[in-house]
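Asks: I'd like to go over a predicted model; first the sequence, then the structure.
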Amino acid sequence: MYILQVENLYKTYNHVAAVNGVSFSIKQGEIYGLLGPNGAGKSTLIKMISGIEKKDSGKIVFDETQTNINRYKKHLGIITQDIAVYPSFTAYENVSFFCSLYSFKGKELKRRVERALEFTGLIEYKDKKACEFSGGMLRRLHLACAIAHTPQLIIMDEPTVGIDPQSRNHILQSVKHLQKNGASIIYTSHYMEEVEEICDEICIIDKGKIIAKGRTDDIKSNLLKYNIYTIVLKNKIEGIENHIKKIKGVYSVSVKENEIMCNYCKDINILQKLVNTIFNNGGVIESIKDELPTLESVFLDLTGKKLRD
Ligand SMILES: Nc1ncnc2c1ncn2[C@@H]1O[C@H](COP(=O)(O)OP(=O)(O)OP(=O)(O)O)[C@@H](O)[C@H]1O
């Protein structure tokens, strides 16, 4: 069952394609990551899904039946990049205002506002004005305003940009809780660690086009031909990288103090030779880990550039 299907979506600004033939589907209850560098087209995509921006062509289907944004808008919770709360309202007044737009009133409205403030850890600040909040607290308030009406699909556009680690963790935990409570989530970011941590499936976008999509581990293991050995030594060996580089199947080696990172071709078994080389050069191995590369490496490999500027 799909909560959202996007088919062949296009949007051009001044002859430049911001979104260039994008298609993807999000399953009910999934956290779906949209990953891409600045200017990739993530916000434009999200704006079209939420009805803030008109599409040039393509199809957006909500819950497998609805194509009219005015019909399904009430089931969306949108957290835009720019924080949209009223500075002179208290936290309670802000959440209450946004939730009342969905026709909730009286006791039910109060229950929902308190639940959203509780959920975002802001209940003890409910009578404080938004203008007195820190950046992280404002982001959490923004989230409370977007979820009080219990949307089926929550769209979050870079919700952790420029906030302190505590609020960042709070938001990431909240996303996981919202999923547990039954919501589906679209999460855009250019922080690949966040996307790797919380998303079930991802779509990597660059210059308005999808360059990879699917489950994170599948993307990493299918698209890249190499894995990484991380070896921790008990001692430091000068120039060990020069010896390891000579092993057939090794792409690259980097050494930091007594830790060696070795990118190697998945199709060639280099482990025995790697261990022998370290041993023959006087190394004592403390641990070895065989790991998939990061999403950053996938992006670098596919586009030749880094995700972050
Ligand atoms: N209203 C607009 N008018 C003209 N060009 C626009 C407009 N909105 C976006 N663009 C352009 O479309 C492209 C995609 O922008 P978009 O904001 O969707 O990217 P993004 O992936 O969300 O980037 P960021 O992470 O920086 O927000 C960029 O080249 C941008 O300059």
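Replies: Here it is on my side, so go on.
Asks: contacting residues for the closest residue to Asn8 other than its chain neighbours?
Replies: Nearest residue to Asn8, sequence neighbours excluded (C-beta to C-beta, 6 or more residues apart in numbering): Gly58, at 4.6 Å. All C-beta spots, glycine's among them, are computed from the backbone N, C-alpha and C. Residues in contact with Gly58 (C-beta atoms under 8 Å, 6 or more residues apart in numbering) are Val6, Glu7, Asn8, Leu9, Tyr10, Gly21, Val22.
Asks: how about a cut-off of 7 Å?
Replies: By C-beta atoms under 7 Å, 6 or more residues apart in numbering, the residues touching Gly58 are Glu7, Asn8, Leu9, Tyr10.
Asks: Specify the local secondary structure of the nearest residue to Tyr226 once chain neighbours are set aside.
Replies: Leaving aside its sequence neighbours, Tyr226 sits nearest to Asn263 (C-beta to C-beta, 6+ apart; 4.9 Å). Here Asn263 is strand, with the state taken from DSSP: H, G, I helix; E, B strand; the rest coil.
Asks: Double-check Asn263 against Tyr251; I have them as touching.
Replies: Yes. Taking contacts as C-beta atoms under 7 Å, Asn263 lies within contact range of Tyr251: 4.2 Å.
Asks: what sits in contact with each of the two?
Replies: Taking C-beta under 7 Å, 6+ apart as the criterion, Asn263 and Tyr251 both touch Tyr226.
Asks: So between the two, which is more surrounded?
Replies: More crowded of Asn263 and Tyr251, by other C-beta atoms under 10 Å: Asn263, with 18 against 13.
Asks: tell me which residues form a beta bridge with the more buried one?
Replies: Per DSSP bridges, the residues bridged to Asn263 are Ile228, Ser252.
Asks: Can you tell me which residues in the stretch 151-300 of the chain are near the ligand?
Replies: Residues of the stretch 151-300 of the chain lying close to the ligand by C-beta under 6 Å from any ligand atom are His190.
Asks: Now for the residue of the stretch 151-300 of the chain found nearest the ligand, how many residues are close by?
Replies: With C-beta to the nearest ligand atom, the shortest gap between the stretch 151-300 of the chain and the ligand falls at His190, namely 5.7 Å. A count of nearby residues for His190, using other C-beta under 10 Å, gives 20.
Asks: And the strands in the chain, which stretches?
Replies: 2-13, 16-27, 31-35, 57-62, 76-79, 153-157, 184-189, 201-206, 209-215, 226-233, 250-256, 259-265, 285-291 (DSSP state E).
Asks: residues in contact with the residue nearest to Tyr226?
Replies: Taking C-beta under 7 Å, 6+ apart as the test, what Asn263 contacts is Tyr226, Ile228, Tyr251, Ser252.
Asks: That one and Thr277, how far apart?
Replies: Distance, Asn263 to Thr277, using C-beta to C-beta, to the nearest Å: 15 Å.
Asks: hey, C-alpha coordinates of the longest helix along the chain in CSV?
Replies: If you go by DSSP state H, the chain has its longest helix at helix 165-180. This file holds the C-alpha atoms of helix 165-180, laid out as CSV (Å, rounded to 0.1, in the frame of the first residue of the first chain):
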residue,chain,number,x,y,z
PRO,A,165,22.8,18.6,19.0
GLN,A,166,20.2,18.2,21.8
SER,A,167,17.4,19.5,19.6
ARG,A,168,18.7,17.6,16.6
ASN,A,169,18.5,14.3,18.6
HIS,A,170,15.1,15.2,19.9
ILE,A,171,13.8,15.8,16.3
LEU,A,172,15.4,12.5,15.0
GLN,A,173,13.8,10.6,17.9
SER,A,174,10.5,12.3,17.3
VAL,A,175,10.6,11.2,13.6
LYS,A,176,11.0,7.6,14.8
HIS,A,177,8.2,7.9,17.3
LEU,A,178,5.9,9.5,14.7
GLN,A,179,6.6,6.5,12.5
LYS,A,180,5.8,4.1,15.4
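Asks: That concludes my questions; thank you for your assistance.
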